[in-house]
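>>> quick one, fold the following:
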Amino acid sequence: MKRIVIVVLLVAVAGVAGVVRSSVGSVAELRGLVSHRNAADVRQEIRQTYELAPGARVELAGLNGAVKIETSDTKTAEIYIERTASCQEALDRRKVTIEADAKGLRIRGEKSDDAGFFSRLFGPSASERTTLKLPREIALNAKGVNGSFITGDIDGAVEISGVNGRVQVGSAAGSATFNGINGNMVVGLKSVGQDGVTLSGINGNIELQLGADVNADFDARGMNGRVISELPNVSIDREKRGKFWARIGSGGAGITAKGINGNIRFTRGAGETATVD
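As a prediction, the model looks like this:
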């Protein structure tokens, strides 16, 4: 019996010793996190330039900070990213990767695999402010942006999802999808493509600035808000609570809205004048 008790005690002691040894790195890591919280800010600038073919696909993902995009009639993509953190260690815990060729541009922010467990959980996080100058003729896909997202005119498909901040699109000409936005939205629609426009899971007010020649059918379900029009060529019907239908102009491609916690307002796009027959 005594031998059994001694064996159990030895096993327990060995286990405790193993835990202590394995936690030394974690304790040191925590001490490092605390000591760096009052360190001076560090920053890094990324500047790159690429040539894109017309209709190239631009993808942005996992960016921890505001995004601003200027568009024009050009083939050149200019990238400027300002990364900041409280210390170099925090800056190193995140990385921004950029991949590009003539057919597309991909910018992704993510946590480094080298970061320790406590660093990932409690460590200060780096952020990045992204400014892009892009061709107008592109397909734009953005997801997972923790900050405002503002872009100029896009002559191609637009997909924006998972944004924690305000979203503004100068104008879109084609299909457009907006999903999981936590903030107000202002979206210009120069035209509505065959695949239509989809709005879902938006926590904020939405202003749709319609071009003078836009003809579409609008259908909204599960809305916690109102649908309002400042345009004479839009007729709105409310079938029941949370459900709206509207005809814009002579009707056509669909604009659908689902799960909107806010109001939707139709206005005339800047500089647009309705045609007179």
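
>>> and the helices in the stretch 101-250 of the chain?
117-122 (DSSP state H, counting those that start in this stretch).

>>> touching, D195 and A172? I think so.
No - at 11.8 Å, D195 does not count as touching A172 under the criterion of C-beta atoms under 8 Å. No exception for glycine: its C-beta is placed from N, CA and C like everyone else's.

>>> comparing the two, which shows the higher neighbour count?
Comparing D195 with A172 by other C-beta atoms under 10 Å, the one with more neighbours is A172, at 25 against 13.

>>> which residues touch that one?
For A172, the contact set (C-beta atoms under 8 Å, 6 or more residues apart in numbering) comprises 153-154, 158, 187-190, 197.

>>> then A257?
The neighbours of A257, taking C-beta under 8 Å, 6+ apart as the test, are 198-200, 202, 206, 218-221, 223, 264.

>>> go again using 7 Å as the cut-off
Contacts for A257 were tallied using C-beta atoms under 7 Å, 6 or more residues apart in numbering; they are 199, 220, 223, 264.

>>> relative to S112, how far out is it?
Separation of A257 from S112 (C-beta to C-beta, to the nearest Å): 39 Å.

>>> which of the contacts of A172 has the most neighbours?
Neighbour max across the contacts of A172 (other C-beta under 10 Å) = I154, 26 neighbours.

>>> number of residues surrounding N224?
For N224, using other C-beta under 10 Å, the count is 12.

>>> where's the residue nearest to it when sequence neighbours are not counted relative to W245, distance?
Among residues not flanking N224 along the chain, N261 sits closest, at 4.8 Å (C-beta to C-beta, 6 or more residues apart in numbering). Distance, N261 to W245, by C-beta to C-beta: 19 Å.

>>> also I202?
From I202 to W245 the distance is 18 Å (C-beta to C-beta).

>>> who has more neighbours, those two?
I202 (26 against 15).

>>> show me the shaky parts of the chain.
1-40, 113-124, 239, 270-277 (pLDDT under 70).

>>> break it into its domains for me.
42-147, 157-277 (automatic domain parsing).

>>> centre of the chain versus the longest one, how much separation?
Its chain's C-alpha centre lies 19 Å from the corresponding centre of domain 157-277 when counted by C-alpha atoms, centre = their mean, to the nearest Å.

>>> how far does stretch 129-142 stretch from start to finish?
Using C-alpha to C-alpha, to the nearest Å, the end-to-end distance of stretch 129-142 comes to 15 Å.

>>> same deal with stretch 213-222?
28 Å.

>>> related to what we said a few turns ago, which two from the contacts of A257 end up farthest apart in space?
Farthest apart among these by C-beta to C-beta are L199 and M223. That separation is 10.1 Å.

>>> touching both of those two, which residues are there?
The contact sets of L199 and M223 overlap at 257, 260 (C-beta under 7 Å, 6+ apart).

>>> so G242 makes contact with G225?
No - applying C-beta atoms under 7 Å, one finds G242 not in contact with G225, separated by 8.8 Å.

>>> looking at those two, which is more packed in?
Legend: neighbour count by other C-beta under 10 Å for G242 and G225, higher for G225 (19 against 14).

>>> check contacts around the more buried one.
Contacts of G225 (C-beta under 7 Å, 6+ apart): 260-264.

>>> and these, which is closest to V214?
Lowest distance from V214 to the contacts of G225 (C-beta to C-beta) belongs to I264, with 14.7 Å.
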